[in-house]
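Asker: Predicted model follows, preceded by the sequence.
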Amino acid sequence: MASFNKIILIGNLTRDPEVRYTPKGAAVCDVSIAVNRKWRDEAGNSHEEVTFVEIVVWGKQAENCGQYLKKGSSACFEGRLQQESWEDKTTGQKRSKLRVVAEAVQFLSSPNREGGSPPAQQAARPQPARRTAADAYDDAERQQAGPEGDDIPF
């Protein structure tokens, strides 16, 4: 039987990210987001539903989340669902919950609290154009042509 486990969520962080490290040094970041759904019923009344989702991010992305995200930040998380099960220490009952294990994170908010931009946004900034010999030649031709409009035949 075929199976497929993929989820994409866009939401706002409900608290600051919590970054910790495993004994082997791997970064782990716990994030909680709120995902809103708005709709109108048959009578035209507006409704809103909020779903809170726990997300875990690993590795370098976990460190980036801790550095660039904060409560209220908007982000897109792509990953898979994972069921976590444990036994409650006080009652002895078995408990479980679903959470998202993020495989890719995209920051959608403005720059972070330190005033910088996430690395992906820094790389996307346009670089100054390099002038070539052909550009200098074109500039010289424009200067020789005189004021704009003189070389238009009509």
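Answerer: On my side now, so go ahead. Numbering: from 1, shown residues only.

Asker: lowest-pLDDT helix or strand in this protein?
Answerer: helix 119-124 (a mean of 46; mean pLDDT, DSSP states H and E).

Asker: Run through this protein and note the low-pLDDT ranges.
Answerer: 111-154 (pLDDT under 70).

Asker: how about 80 then?
Answerer: 110-154 (pLDDT under 80).

Asker: if we look at stretch 86-106, which residues are touching it?
Answerer: Stretch 86-106 is contacted from outside by 7, 9, 31, 53-58, 61, 64-65, 75-85, 120, using CB atoms under 8 Å, 6 or more residues apart in numbering. Just so you know, the C-beta spots here come from the backbone N, C-alpha and C atoms, and that holds for glycine as well.

Asker: which of the residues you listed are buried?
Answerer: 7, 9, 31, 53, 55-58, 61, 64-65, 75, 77, 79 (16 or more other CB atoms under 10 Å).

Asker: measure residue 91 to residue 25 for me?
Answerer: Distance of residue 91 to residue 25, given as CB to CB, to the nearest Å: 35 Å.

Asker: can you give me the helices for the chain?
Answerer: 59-68, 119-124, 133-145 (DSSP state H).

Asker: where along the chain do the strands fall?
Answerer: For the chain, the strands defined by DSSP state E cover 7-13, 18-21, 27-40, 46-58, 74-87, 94-107.

Asker: In space, what's closest to residue 54 - neighbours in sequence excluded?
Answerer: residue 99 (4.3 Å; CB to CB, 6 or more residues apart in numbering).

Asker: Tell me how many other residues crowd the one you found.
Answerer: As a burial measure, residue 99 scores 17 neighbours (other CB atoms under 10 Å).

Asker: Check residue 32 too.
Answerer: Residue 32, neighbours per other CB under 10 Å, totals 18.

Asker: can you tell me which residues contact it?
Answerer: 13-15, 52-55.
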